[in-house]
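Peer 1: quick check, what structure comes out for this input:
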Amino acid sequence: MPSLERTLIVLKPDTIQRGLVGEIITRFERAGLKIVGMKMVAPDEAHFHKHYEGISNLISRWGEEIYRVTLSQMTEAPVVAIVLEGIEAVSYVRKMVGTTDPKESAPGTIRGDYTHITRGYTNPIGATLPNIIHASGNPEEATKEISLWFDKNELYLDYDTAHGPVVRGRVPKKK
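Peer 2: Numbers count the residues shown, from 1 in each chain. Predicted coordinates for the structure are as follows:
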């Protein structure tokens, strides 16, 4: 049965530098997702190593050089970390974000609308892949990432939005 989930998104330095933060957050809010945590931070290399290798195995999958380029990109400006909550939030947010390689992201997705660069261009020249946003890949990864990026006291779970019951569905009253 579908469930209420939380997921992590990180608006990357290129989002901050291009002034797209509000526009991106608005897309998630308009979709009916609830923000339960948000902060601007500038994590150090140890934090990013825990995120990229400890949780998502970037070095194991893509190699040390790709990790170093990614680390360079992620530390060139602050990032905005956000925890979103909604029904099947992890897969829904991934759909909204689009694929990691912007070239493969459909128009209408965040990466499809705001990026155009490709791994085929960046990897051979050792350049960063400015793809705007990180989104947790699955519910288990989301749980680990949220714990890495947020303390429990930084999450605000006990409030409802005005549109909460509307976007999650209402159970009809019995007569």
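Peer 1: low-confidence stretches in the protein?
Peer 2: Low-confidence regions of the chain, defined here as pLDDT under 70, cover residues 127.
Peer 1: residue ranges for the helices of it, please.
Peer 2: 13-18, 21-30, 45-49, 58-62, 64-74, 89-97, 110-114, 119-125, 139-149, 164-168 (DSSP state H).
Peer 1: report the buried residues of the third one.
Peer 2: Neighbour-count burial for helix 45-49, counted by 16 or more other CB atoms under 10 Å, picks out 47, 48. Heads up, the C-betas are built off the backbone N, CA and C, glycines and all.
Peer 1: run through who's touching stretch 156-172.
Peer 2: Contacts to stretch 156-172, defined as CB atoms under 8 Å, 6 or more residues apart in numbering, come from residues 4, 32, 34, 36, 37, 85, 86, 87.
Peer 1: hmm, back to that, please convert the helices of the chain to JSON lines, extending it with distance to residue 81.
Peer 2: Below are these laid out as JSON lines (distance: least, CB to CB, whole Å):
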{"stretch": "helix 13-18", "distance to residue 81": "12"}
{"stretch": "helix 21-30", "distance to residue 81": "12"}
{"stretch": "helix 45-49", "distance to residue 81": "10"}
{"stretch": "helix 58-62", "distance to residue 81": "17"}
{"stretch": "helix 64-74", "distance to residue 81": "11"}
{"stretch": "helix 89-97", "distance to residue 81": "14"}
{"stretch": "helix 110-114", "distance to residue 81": "16"}
{"stretch": "helix 119-125", "distance to residue 81": "24"}
{"stretch": "helix 139-149", "distance to residue 81": "5"}
{"stretch": "helix 164-168", "distance to residue 81": "22"}
